[in-house]
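Q: next one to model:
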Amino acid sequence: MHPNAEKWIGRHLRAGEARQFREELDIFLSELLGPLTDYRFRGLKAGYPFPHIPLEGILYLRYEKIGKRPVAFQLIGEPLKNGDAADRSYRKYLEQYNKLVLEGWAVLGFTSENLKDDPDICKDFMRRLFELNSGA
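A: Numbers count the residues shown, from 1 in each chain. So this is what the prediction gives:
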């Protein structure tokens, strides 16, 4: 893991979140976001940007002041995809996603499988988001 990614995790995430999303955070921060920001994560925050009931299985990372619109990234874990509460969790997830979009946020979501199996597609989505948001 890139040292700046490790520092960011230590400063901004609770230990349980860091453990649960360790592999996803490593890929996301070290391979996707890091190269686009020169591994400077200034302004990157953890957590959903509006008051809400936490949703098990999703980690939100956000930039509130970057480019034309605020940007939110969703790292989607196993509890949302599997288990007895998956349907209810998915509906709540869609509510949160839709609220972000309607409030003007640019939003990208990634599952563990996306990050591990399709890194080039994820990198392309990230690059395109940064280009669109900067007006390039």
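Q: and the next helix or strand past the helix or strand of the chain with the lowest mean pLDDT?
A: When each helix and strand of the chain is scored by mean pLDDT, DSSP states H and E, helix 78-81 comes last, with a mean of 64. Counting by DSSP states H and E, the element after helix 78-81 in chain order, helix or strand, is helix 86-102.
Q: in this protein, which residue is most central in space?
A: Note on the chain: the residue nearest the mean C-alpha position is residue 73, at 2.7 Å, using Cα atoms, centre = their mean.
Q: phi, psi of the closest residue in space to residue 12 that isn't next to it in sequence?
A: For residue 12, the nearest residue in space outside its immediate sequence neighbours is residue 46; the separation is 4.6 Å by Cβ to Cβ, 6 or more residues apart in numbering. For the C-beta atoms, the positions are set from N, CA and C on the backbone; glycine is no exception. When read as degrees, to the nearest 10, the backbone of residue 46 gives phi -100, psi 140.
Q: tell me the spacing between residue 46 and residue 124.
A: In this structure, residue 46 and residue 124 are 24 Å apart, going by Cβ to Cβ, to the nearest Å.
Q: now residue 11
A: When residue 11 is compared with residue 124 (using Cβ to Cβ), they lie 29 Å apart.
Q: likewise residue 7?
A: In this structure, residue 7 and residue 124 are 27 Å apart, going by Cβ to Cβ.
Q: can you give me the strands in this structure?
A: Secondary structure of the chain (DSSP state E): strands located at 44-46, 58-63, 71-76, 106-111.
Q: now the second one against strand 71-76, angle please.
A: Orientation of strand 58-63 against strand 71-76 (axes from the mean of the first three to the mean of the last three Cα atoms, to 10 degrees) gives an angle of 160 degrees.
Q: need the contact list for residue 30.
A: Under the criterion of Cβ atoms under 8 Å, 6 or more residues apart in numbering, the contact partners of residue 30 comprise 1-2, 5.
Q: the more surrounded of residue 46 and residue 124?
A: Between residue 46 and residue 124, counted using other Cβ atoms under 10 Å, residue 46 has the larger neighbour count: 18 against 11.
Q: distance of that one relative to residue 90?
A: Plainly put, residue 46 is 22 Å away from residue 90 if you go by Cβ to Cβ.
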